[in-house]
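Novice: Generate coordinates for the sequence data below:
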Amino acid sequence: MKMKKYGNTEQKIYSLVKPITDELGYFIWDISFVKEGAMWYLRVFIDRDEGISIEDCEKVTAPVSEMLDIEDPIEQSYILEVGSAGLERELLKPEHFEVCKGDVVQVRLIRTIDGEKDIIGNLISADKESIIIQTDEDIQKQYMLSDVAHVKLHLDFA
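Specialist: A predicted model of the protein is given here:
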């Protein structure tokens with residue numbers, strides 16, 4: 001797993017959208033600009049401490065859409081989607097790991113290590129090379145990010 005870095009288009013969009021989300025009281029969790037089939041999608045994932053509702057997405061969509069129409073930073077046609085990062089969101093950037101310290105996460109390894117492929121525990125720390133998780137047994141384990149497929153917040157619905 002590599003920490004995500006924005007491409008040129010995503011960085012441009014982030015710079016244009018951040019003042020809007022800041023003013024409205026949201027923060028940007030992620031931005032992606034991807035081609036799926038014949039269509040391009042610009043996705044802006046927002047969050048705030050209280051969580052995100054459909055109304056929150058609507059509040060952000062209108063001014064972002066208007067700003068994108070004025071600035072026209074993307075040459076091709078695309079569909080704008082504003083949404084929540086989700087309850088079991090993937091941690092992609094260094095700031096995601098910082099914000100989620102102490103939270104329960106699921107680490108999926110690329111291959112089995114010491115008999116484990118999926119590890120659930122509290123996120124202790126992460127840097128550009130590794131992640132440290134504390135399991136239920138109060139044991140801290142370190143995993144190299146090169147061995148990690150993804151890290152997501154984990155909610156136990158049981």
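
Novice: alpha carbons only for contacts and neighbour counts from here, please
Specialist: Will do.

Novice: How about the lowest-mean-pLDDT helix or strand in the chain, which residues are buried there?
Specialist: Sorting the helices and strands of the chain by mean pLDDT, DSSP states H and E puts helix 94-99 at the bottom, at a mean of 92. For helix 94-99, burial by neighbour count (16 or more other CA atoms under 10 Å) applies to 96-97.

Novice: Contacts for that helix, please.
Specialist: For helix 94-99, contacts defined as CA atoms under 8 Å, 6 or more residues apart in numbering pick out 3, 29, 91, 123, 125-128.

Novice: ok, those residues vs Lys152, which is closest?
Specialist: The shortest approach to Lys152 among these belongs to Leu91, at 5.6 Å (CA to CA).

Novice: Now for the closest one: which residues touch it?
Specialist: Applying CA under 8 Å, 6+ apart to Leu91 gives the contacts 97, 150-153.

Novice: got the contacts of helix 94-99 as JSON lines, with pLDDT columns?
Specialist: Output for the contacts of helix 94-99, formatted as JSON lines (pLDDT from 0 to 100):
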{"residue": "Met3", "pLDDT": "77"}
{"residue": "Trp29", "pLDDT": "94"}
{"residue": "Leu91", "pLDDT": "94"}
{"residue": "Leu123", "pLDDT": "97"}
{"residue": "Ser125", "pLDDT": "95"}
{"residue": "Ala126", "pLDDT": "94"}
{"residue": "Asp127", "pLDDT": "92"}
{"residue": "Lys128", "pLDDT": "90"}
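
Novice: just checking, Val64 is part of a strand?
Specialist: No: according to DSSP: H, G, I helix; E, B strand; the rest coil, the state of Val64 is helix, so it is not within a strand.

Novice: Of all the residues in stretch 109-118, which ones are buried?
Specialist: Across stretch 109-118, burial judged by 16+ other CA under 10 Å covers 109, 118.
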